[in-house]
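Asks: I would like the atomic coordinates for the input below:
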Amino acid sequence: MSRKFAIALSLSFLLHIVLAAVLLMGDFDSEPKVAPKVVQVQTIQATIVDKSKIEAQVNKIKQKKLDDAQQLKDLEQQVASARVKRAKEEKRIKALERQRKKKLLCIEIGYTQTFTFLPDMWKGLGANINFSYTESEIERPSNVPGE
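Replies: Predicted coordinates:
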């Protein structure tokens, strides 16, 4: 026998002995695996549905979508009108603030004198002198018709 053949034969023999030892040392006491149970499948039961009922439900859903769309449109219009009102109010408030910041100058001087030195008939006689000066840049609309 050739040397290569002897090495191959001895490796094969050794491998077979190792495999036999592993198989003999294995656990043969365990219970065998149970085959899965067969499950019975039930057939599908057909249900009869009236087409008019389905169409009625579909129409109901479509009507609800239309109502929701209309409600959304109404809300958007309310929001838009509220924005316009807010812009007008902001413009009015800014105009009032500008008016408040404008110059206003007022001076009033008054003097009252009672003439106590006069005879009895003229004893309570007196004089009142008043001077008022107003300068303003504020313009207010008049409520008087025709002005």
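
Asks: going by C-alpha atoms from here, please, whenever you check contacts or count neighbours.
Replies: Fine.

Asks: show me the strands in this structure, by range?
Replies: 104-114, 126-136 (DSSP state E).

Asks: can I get the CA coordinates of the first one in CSV?
Replies: Output of strand 104-114 as CSV, limited to C-alpha atoms (Å, rounded to 0.1, in the frame of the first residue of the first chain):
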residue,chain,number,x,y,z
LEU,A,104,-50.7,119.9,23.1
LEU,A,105,-50.0,123.2,24.9
CYS,A,106,-52.5,124.9,27.2
ILE,A,107,-52.0,127.9,29.5
GLU,A,108,-54.8,129.4,31.6
ILE,A,109,-54.2,132.4,33.9
GLY,A,110,-57.0,133.8,36.1
TYR,A,111,-57.2,136.7,38.6
THR,A,112,-60.2,137.7,40.8
GLN,A,113,-60.4,141.0,42.8
THR,A,114,-63.1,142.1,45.1
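
Asks: quick one: strands adjacent to that strand?
Replies: According to DSSP bridges, strand 104-114 forms sheet pairs with strand 126-136 (antiparallel).

Asks: what is the worst-scoring helix or strand of the chain on mean pLDDT packed up against?
Replies: Lowest mean confidence among the helices and strands of the chain (mean pLDDT, DSSP states H and E): helix 3-25, at a mean of 86. For helix 3-25, not one helix or strand is in contact under the criterion 3 or more CA pairs under 8 Å, 6 or more residues apart in numbering; DSSP states H and E.

Asks: how far does that helix sit from the chain's center?
Replies: 78 Å (CA atoms, centre = their mean, to the nearest Å).

Asks: who's in contact with Q99?
Replies: For Q99, the contacting residues are I138, E139, by CA atoms under 8 Å, 6 or more residues apart in numbering.

Asks: distance of it from L105?
Replies: Computed as CA to CA, to the nearest Å, the Q99 to L105 distance reads 14 Å.
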